[in-house]
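I would like the atomic coordinates for the input below:
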Amino acid sequence: MKKISLTLIGLYVGLFAGFAQSKSDSSKYNNTDLTFEEANIVSSYYTQNGNNSAVTGGIGTEKLTDFSNTFDLKFYRYDSRFRKHNWNFELGIDHFTSASADMVDLKANSSASHADTRIYPSVNWTVENEQKGTTVGAGASYSHEFDYTSFSGNLNFALKTKNRSGEFSAKLQTFLDKVNQVIPTELLPVVVVNYTSVVSSASRGSGGGGSFTSFFSGGSSSKYPSVPRNTTDLALSYSQIVNKRLQIMVMGDLVAQSGYLSLPFHRVYFKDSTVHQEVLPDSRLKIPIALRANYFVGDKIILRGYYRFYTDDWGLTAHTASLETPVKITSFFSISPFFRYYVQSAIQYFGAYRTHTAAEKYYTSNFDYSAFTSKFFGAGIRLTPPNGILGNQKFEMIEIRYGHYSKNIGMQSDVISVNLKFK
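Okay, here's the model as predicted:
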């Protein structure tokens, strides 16, 4: 994995350094042409372990690794009315291996779920009227992996105050998802052919216990019936420069979900030892509210504080507090230690292994819905030499970040990422 990562980074540097050189040099004299602004490449490696896998009913390994790469290209141009058009093209590719997902078939030594690749391209466009202080935009994205497909679209608007010290923004985004009915092999006796059947079956407490061709018979994911899951998110925010040292932002979302909100391969073991599929309501309303503040302590230290309150109609409430402190060691080298603390309550439908009963309408043993606290801490280093990385002025920045995450219920994870920026 280390050799693969270094090889990819080397290829990215050569490819995007050359691209940045040709695009910026050829177009900077004509702002009405589409002009290259910057490219970002982010690669990360994530690993975790724990003993509360939802695939095996809240017990068993949560071991997982993920190698993620994101390629981001930004362009701009000015039209005849001197409005700035920004284009952002992004491609993400994740490859993961999961010991817990490999247990959808309890008899298989290795299966199709042991490894998977997710691909998620997106494009976003905004047009900014710098004289009026307004920005409007739209975007679309797509995501696909073996058992999940998502289409997304968004509209956004921003308005600056007259003195340009404040800005209000709004973004409306919708996700139209399809969840493939990949079901544990021991729950395959009944064929469910559409979403209505799944919901009616779930409402009878059967867990939507449909049977489809086994996840492990090979072939493409298209052989599995899929059910819809739709999400609409209205995000509002207001940012304000209070003075030369303090900047604040207030954010709020209203998120409505509908459709199949369970996962078909999550098992639930009842007190009587019978096994069922996870069953959750077919709607959910989420309301997060957050406050962000940046305070400049002199010229070399920034305090970046963040607080978020979350609640939903499944009974979950959560609090997040974090602090990141970038410190400029030299004019081109900085280090950014960070710490985040999180606490949440359990949803009303959660129960651990062999605690649920047939009298319950909804049930899950997914510990992501349990009560827990977590900590995430680490640091990043950022290098921006005036002559560019390795003497290449187009290769502007490299940032390396490491973080360690832990839950008080036993799950641990580590992530390291590398961000390369080209101008």
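
which residues sit in contact with residue 232?
The neighbourhood of residue 232, defined by C-beta atoms under 8 Å, 6 or more residues apart in numbering, consists of 172, 173, 174, 175, 255, 256, 257. (C-beta placed from N, C-alpha, C; glycine too.)

So which of those residues sit within strands?
For these, the ones inside strands are 172, 173, 174, 175, 255, 256, 257, with DSSP state E as the criterion.

Residue 368 - that's part of a helix, no?
Yes - Residue 368: assigned to a helix according to DSSP: H, G, I helix; E, B strand; the rest coil.

I'd assumed residue 50 was in contact with it.
No - in terms of C-beta atoms under 8 Å, residue 368 does not count as a neighbour of residue 50; the distance is 10.9 Å.

So if I had to pick from those two, which one is more boxed in?
Comparing residue 368 with residue 50 by other C-beta atoms under 10 Å, the one with more neighbours is residue 50, at 19 against 14.

from the contacts of residue 232, which is closest to residue 300?
The shortest distance between residue 300 and any of the contacts of residue 232, using C-beta to C-beta, involves residue 173 and amounts to 37.4 Å.

Test of understanding: give the bridge partners of that closest one.
Residues found in beta-bridge contact with residue 173 (criterion: DSSP bridges) are residue 154, residue 233.

how close does the closest residue to residue 56 other than its chain neighbours sit to residue 54?
Using C-beta to C-beta, 6 or more residues apart in numbering and skipping the chain neighbours, the partner closest in space to residue 56 is residue 103 (5.2 Å). When C-beta to C-beta, to the nearest Å is applied, the distance between residue 103 and residue 54 equals 10 Å.

Could I get the full set of strands for the stretch 201-350 of the chain?
Secondary structure of the stretch 201-350 of the chain, counting by DSSP state E, counting those that start in this stretch: strands at 226-241, 246-259, 267-269, 275-277, 283-297, 301-312, 317-324, 327-328, 333-344.

and those strands, which is most packed in?
Burial of the strands of the stretch 201-350 of the chain is given as mean neighbour count (mean count of other C-beta atoms under 10 Å); strand 267-269 ranks first at a mean of 25.

Now find how far off-centre it is within its chain.
Mean-position distance between strand 267-269 and its chain equals 26 Å (C-alpha atoms, centre = their mean, to the nearest Å).

Could you do stretch 399-411 as well?
For stretch 399-411, the distance between its averaged C-alpha position and the chain's averaged C-alpha position is 16 Å (C-alpha atoms, centre = their mean).

lowest-confidence helix or strand of the protein?
helix 195-203 (a mean of 42; mean pLDDT, DSSP states H and E).

And for residue 114, nearest residue in space, chain neighbours not counted?
Spatially, and ignoring its direct neighbours in sequence, residue 114 is nearest to residue 102 (4.3 Å; C-beta to C-beta, 6+ apart).

What backbone torsions are found at that neighbour?
Backbone geometry at residue 102, expressed as degrees, to the nearest 10, gives phi -70, psi -10.

can you check residue 187 too?
According to degrees, to the nearest 10, residue 187 has phi -110, psi 50.

correct me, but it touches residue 275?
Yes - using C-beta under 8 Å, residue 187 is in contact with residue 275, at 7.0 Å.

what's the neighbour count on residue 363?
Here the number of neighbours of residue 363 (other C-beta under 10 Å) works out to 22.

Any regions of the chain where pLDDT drops low?
Applying pLDDT under 70 to the predicted model, the residue ranges of the chain that meet it are 1-31, 107-113, 189-223.

Recalculate using a threshold of 90.
Along the chain, segments meeting pLDDT under 90 span 1-33, 98-116, 146-147, 182-225, 298.

all strands for the stretch 51-200 of the chain, in order.
For the stretch 51-200 of the chain, applying DSSP E, counting those that start in this stretch gives strands covering 64-78, 84-98, 115-129, 134-145, 148-160, 166-180.

Name the residues that touch the fifth one?
Right, the one you point to is strand 148-160. When contacts are taken as C-beta under 8 Å, 6+ apart, the neighbours of strand 148-160 outside the stretch itself are 122, 124, 126, 133-144, 166-180, 226.

chain center to it: distance?
Taking C-alpha atoms, centre = their mean, one finds the center of strand 148-160 at 14 Å from the center of the full chain.

try stretch 85-102
A distance of 9 Å separates the C-alpha centroid of stretch 85-102 from that of its chain, computed with C-alpha atoms, centre = their mean.

Contacts only, for residue 378.
Residues touching residue 378, when contacts are defined by C-beta under 8 Å, 6+ apart, comprise 337, 338, 401, 402, 403, 404.
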